[in-house]
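> got a predicted model here, sequence first, then my questions.
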Amino acid sequence: MEILVAVSTLLVSAIRRSLYTTLLISTLAPVLLLVVLFSTPSISSLEYTSLMQDKQVLFFSNTRSSEECYSAGIVEGSVMVNSSVLRAPILIVSANPDRVLGVLGLARGNYTASSYVVLPRDIYSDIGKPSLVVVRLNNATGEYSVAGSWGSNTVLLVTSSVNYHLDKYLCLASRSRILLDTVESIESNLLRTAELWVLVLSIVYLPVIYAAQRRVVESLRVDLRVLVNIGVSARNLYFSTTTTLIVLYIIVVFYVCALGVVLVYTAWSVLSYIVVLPYPALRLSAIPLLLLEVLLGVLVAPLASRGVSKWL
Amino acid sequence: MALVAYKVVLTTRKHLVAYAVLTLTLVSWLSLVALGLLNSLLWLYEGVLGVEEGLIITSKGFSPLTALVYRGDIESRLSSITDITVEYYLVTPVLVNGGFFVLRSTSVNLNSSCVLVGADIARQLGVTIGDHVVVSSVFTGEVYYLEVCGYTTGYVLEASYDLVARIRGVTKGYYSYIVVKGSSEAQSRVLEALGVKPGEIRLAGLIVAVLSRIGDNKTRVVLYRALTEAYITGFGLQRDYILYFAVTVAVASLIGLVILGLDFARRTSSSLRVLRVIGVSKRHLLLATLLLGLTVSTIAYVFSLALYTRVEFFTLSVLGYVFKTGRHSELFLLVYLGLLVLFNLGLALGVHREVE
């Protein structure tokens, strides 16, 4: 009860004498910048994807990098037509031929066979655009229908019946999906750096927070003396001062946070008259940093309240 | 008298000065880092493509990686201009092992299955000379099996023009950007040949001319100070706004130094009182403390600059490319001024209060 009375007395006194201003300045940089940096409009909300034709593309990967990936591998092999033998890298894909050939714009007919070959354009022309070729892979040969040609320098063998060990993947993804993933990855990298920067700034600002809290305590010296005179014990006085600092600090942090949000939206409203800007939104990843900022202030408060009873 | 007071405070409060220097150094370093990193965002394409000076001719588009300029058109416009060297580059985004990279044409004679890899990319992909990489085109959807024939500079892959054009899916003669090097006078003539009015020409470091077709055989030219600026403008992001934002963040991060200045004055109050008692005037005390503030700020700034240039604790990377933090003296001077003004403001207010 004694602590409660002391805390309320100190709080009212601190607020009436605007002692929170010092705390406000000390928290302004880490909290306001945290809110501002984490409220910048998302790059992915910019209409990048609408600028690209939504075409599907193939890409080779060591891992399943997309929702639709097929086992694949590249081996050195040879293509035999009549008497000519051509050595070339062969990209083997374990997939339904219709799916992969469709992406390459070769699905002109119904592919009824389980395997098809796509030849590099120059080889395809040189050997007289054959409809059947023999492909030799690791001493195993097979005859495959030719689905057409492509601009690549590899022979593509799409087969639904695989006899080879394939440890890589050929993935299919839309261009807009790839672009969006790329933009999101850029954004997350930027935010990670911002997160680290704000974290270090919060730690570096500890002496500033300590100085501000100490200043508040010193300004409350008269009130503390009154509390001692009415019988508040030294121990309770210390706890009351610490609690007052913590309460005041938390109020100030959330006030600055709210101020930051208002500032961001005001700036956005003004700027949106001049340039087209995506809508800002405070990201949830700011919350742990905000709580850390509160925690740091709470940890500093007992240090700032040290020795209050010795002054009086 | 002020100098004596300065010396007294400095010698009797060494630990306090060291504490202030340390805190100011760290805050100033963070401010420099914020400014450097945000500013480096404005040089993304310059960094990736290794474009530093000269006149860049490109066309309006989503990015320099998608823009196309017809070589014949440029050659016909520049045919009468001598004393210039013109380099043509075709670049395209490609996917290698699911990651996004830039493939650029090179004048080095390479066969059609060869690729040169930037040292950082080679490290990232874990490839060396003789290994193979599978490059996928985001334009044609085709997959290419290429041998690493050597290394190149920058965060790019390089291949022969014919191969890059095939991967990009364009017919021969199209390029992404053209670098014109020559004297200022020659560059002015180039700009005039592109259709820029003589009054609009301001040559400095890098100049980017973006061409956009406005009708049959008619093009409009817009000049920019940087390649990145030319392309972010299309998304409504103005270079100046980003720069103002960077400066605001850098200065705002210094705001707490007022409190530190006030605290410094409070901690030196006993020395100041003694000096006041022995007859040092208020004005001299204020002058001595401000001189001390200047010393502390300057030492801290020098240390923070050394930290900024030598310690790469904060790095900003985009798709594996690590941004190079710029060293723009005018922006750095701003941090020094901010440091000086805010710390000394707190100090002056504190001394004024303590001496009273």
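That came in fine, so what should we check first? Numbering: from 1, shown residues only, chains lettered A, B, ... in the order given.
> what's the separation between residue B:95 and residue A:161?
Distance of residue B:95 to residue A:161, given as CB to CB, to the nearest Å: 28 Å. Bear in mind the C-beta positions are built from the backbone N, C-alpha and C, glycine included.
> so which of the two has more stuff around it?
Neighbours per residue (other CB atoms under 10 Å in any protein chain shown) separate residue B:95 from residue A:161, with residue B:95 holding more: 24 against 7.
> wait, is the more buried one part of a helix?
No - according to DSSP: H, G, I helix; E, B strand; the rest coil, the state of residue B:95 is strand, so it is not within a helix.
> burial count for residue B:169?
Residues lying near residue B:169 (other CB under 10 Å) number 14.
> wait, it sits on residue B:138?
No - Residue B:169 sits out of contact with residue B:138 when judged by CB atoms under 8 Å, with a separation of 9.5 Å.
> common neighbours of those two, please.
Listed contacts common to residue B:169 and residue B:138 are nil; contacts here mean CB atoms under 8 Å, 6 or more residues apart in numbering or on different chains.
> any part of stretch A:62-76 near chain B?
Yes - with CB under 8 Å from any CB of the partner chain as the threshold, stretch A:62-76 lies in contact with chain B, specifically through A:62, A:63, A:65, A:66, A:74.
> mind checking the end-to-end distance for that stretch?
From the first residue to the last, stretch A:62-76 extends over 18 Å; the measure is CA to CA, to the nearest Å.
> wait, what's in contact with residue A:219?
If you count contacts by CB under 8 Å, 6+ apart, then residue A:219 has A:14, A:17, A:19 around it.
> does the first one really touch residue A:220, like I thought?
Meaning residue A:14. Yes - the pair formed by residue A:14 and residue A:220 meets the contact definition of CB under 8 Å, at 6.3 Å.
> neighbour count: the two, which is higher?
The residue with more neighbours, out of residue A:14 and residue A:220, is residue A:220; 25 against 21, by other CB under 10 Å.
> from chain B, how far off is that one?
As for residue A:220, its distance to chain B is 15 Å (criterion: CB to the nearest CB, to the nearest Å).
> if we can go back for a sec, ok, and which of the contacts of residue A:219 reach chain B?
Near chain B, by the rule CB under 8 Å from any CB, you find none of the contacts of residue A:219.
> let's have the residues you listed in JSON lines, adding pLDDT and secondary structure.
As requested, these are exported to JSON lines (pLDDT from 0 to 100; DSSP: H, G, I helix; E, B strand; the rest coil):
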{"residue": "A:14", "pLDDT": "91", "secondary structure": "helix"}
{"residue": "A:17", "pLDDT": "89", "secondary structure": "coil"}
{"residue": "A:19", "pLDDT": "89", "secondary structure": "coil"}
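> from the residues you listed, pick the one nearest chain B.
Nearest to chain B among those is residue A:19, at 12.6 Å by CB to the nearest CB.
> in the residues of stretch A:62-76 next to chain B, find the pair that's most separated.
The most widely separated members of the residues of stretch A:62-76 next to chain B, counting by CB to CB, are A:66 and A:74 (18.3 Å).
> re earlier: quick check, nearest of the contacts of residue A:219 to residue B:289?
Taking CB to CB as the measure, residue B:289 sits nearest to residue A:19 out of the contacts of residue A:219, at 23.9 Å.
> distance of the closest residue to the closest one other than its chain neighbours from residue A:24?
Nearest in space to residue A:19, with sequence neighbours left out and distances taken as CB to CB, 6 or more residues apart in numbering or on different chains, is residue A:216 at 4.8 Å. In this view, residue A:216 and residue A:24 are 11 Å apart by CB to CB.
> pull the contacting residues for residue A:33.
When contacts are counted by CB under 8 Å, 6+ apart, residue A:33 touches A:198, A:201, B:249, B:252, B:253.
> from these, which land in helices?
Judged by DSSP state H, the subset of those located in helices is A:198, A:201, B:249, B:252.
> quick check: closest non-adjacent residue to the first one.
So the one you mean is residue A:198. residue A:34 (4.8 Å).
> where does the one you found land in three-state SS?
Secondary structure assignment for residue A:34 (three-state DSSP): helix.
> surely it touches residue A:286?
Yes - with contact defined as CB under 8 Å, residue A:34 and residue A:286 form a contacting pair (5.7 Å).
> ok, the two, which is more surrounded?
Applying other CB under 10 Å to residue A:34 and residue A:286 shows that residue A:34 carries more neighbours, namely 27 against 22.
> how close does the more buried one sit to chain B?
With CB to the nearest CB as the criterion, residue A:34 and chain B are 11 Å apart.
> which residues does that residue contact?
Contacts for residue A:34 were tallied using CB under 8 Å, 6+ apart; they are A:198, A:260, A:286, A:289, A:290, A:293.
> kindly report the same for residue A:82.
Shown here is residue A:82, whose contacts under the criterion CB under 8 Å, 6+ apart are residue A:127.
> tell me the confidence at it?
In the predicted model, residue A:82 carries a pLDDT score of 77.
> distance of it from residue B:198?
When residue A:82 is compared with residue B:198 (using CB to CB), they lie 67 Å apart.
> returning to what we had before: could you flag which of the residues of stretch A:62-76 next to chain B are buried?
Neighbour-count burial (16 or more other CB atoms under 10 Å in any protein chain shown) applied to those gives A:65, A:66, A:74.
> please name the nearest non-neighbouring residue to the first one.
Right, residue A:65. The shortest distance from residue A:65 to any residue other than its chain neighbours is 3.5 Å, reached at residue B:98 (CB to CB, 6+ apart).
> hmm, the one you found is touching residue A:171, no?
Yes - using CB under 8 Å as the test, residue B:98 is close enough to residue A:171 to be in contact (7.1 Å).
> can you pull the pLDDT of the most centrally placed residue in chain B?
Here the mean C-alpha position of chain B is nearest to the C-alpha of residue B:40 (CA atoms, centre = their mean), at a distance of 2.9 Å. According to the predicted model, the pLDDT of residue B:40 comes to 87.
> so where does it fall, helix or strand?
Assignment of secondary structure by DSSP states H and E places residue B:40 within helix B:14-40.
> ditto for residue B:101
Since the elements are taken from DSSP H and E, residue B:101 ends up inside strand B:99-106.
> adjacent strands (with direction) for that strand?
Strand pairing for strand B:99-106, using DSSP bridges, gives strand B:91-96 (antiparallel), strand B:157-160 (parallel).
> check which helices and strands the following helix or strand past that strand sits against.
Using DSSP H and E, the helix or strand that follows strand B:99-106 towards the C-terminus is strand B:114-118. Contact here means 3 or more CB pairs under 8 Å, 6 or more residues apart in numbering or on different chains; DSSP states H and E; on that basis strand B:114-118 packs against strand B:132-137, strand B:143-152, strand B:157-160.
> low pLDDT regions in chain A?
Across chain A, the stretches falling below the confidence threshold (pLDDT under 70) are A:43-53, A:107-112, A:162-163, A:311-312.
> in it, which spans are strands?
In chain A, the strands defined using DSSP state E lie at A:56-61, A:68-81, A:84-94, A:115-120, A:132-137, A:140-150, A:155-159, A:168-174.
> mind splitting chain A into its structural domains?
A:2-48+A:177-311, A:56-174 (automatic domain parsing).
> return the distance of residue B:123 relative to chain A.
Plainly put, residue B:123 is 16 Å away from chain A if you go by CB to the nearest CB.
> circling back to that earlier point, tabulate the contacts of residue A:33 (a markdown table), appending distance to residue B:117 and neighbour count.
Output for the contacts of residue A:33, formatted as a markdown table (distance: CB to CB, whole Å; neighbours: other CB atoms under 10 Å in any protein chain shown):
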| residue | distance to residue B:117 | neighbour count |
| --- | --- | --- |
| A:198 | 36 | 26 |
| A:201 | 38 | 23 |
| B:249 | 36 | 22 |
| B:252 | 41 | 18 |
| B:253 | 39 | 29 |
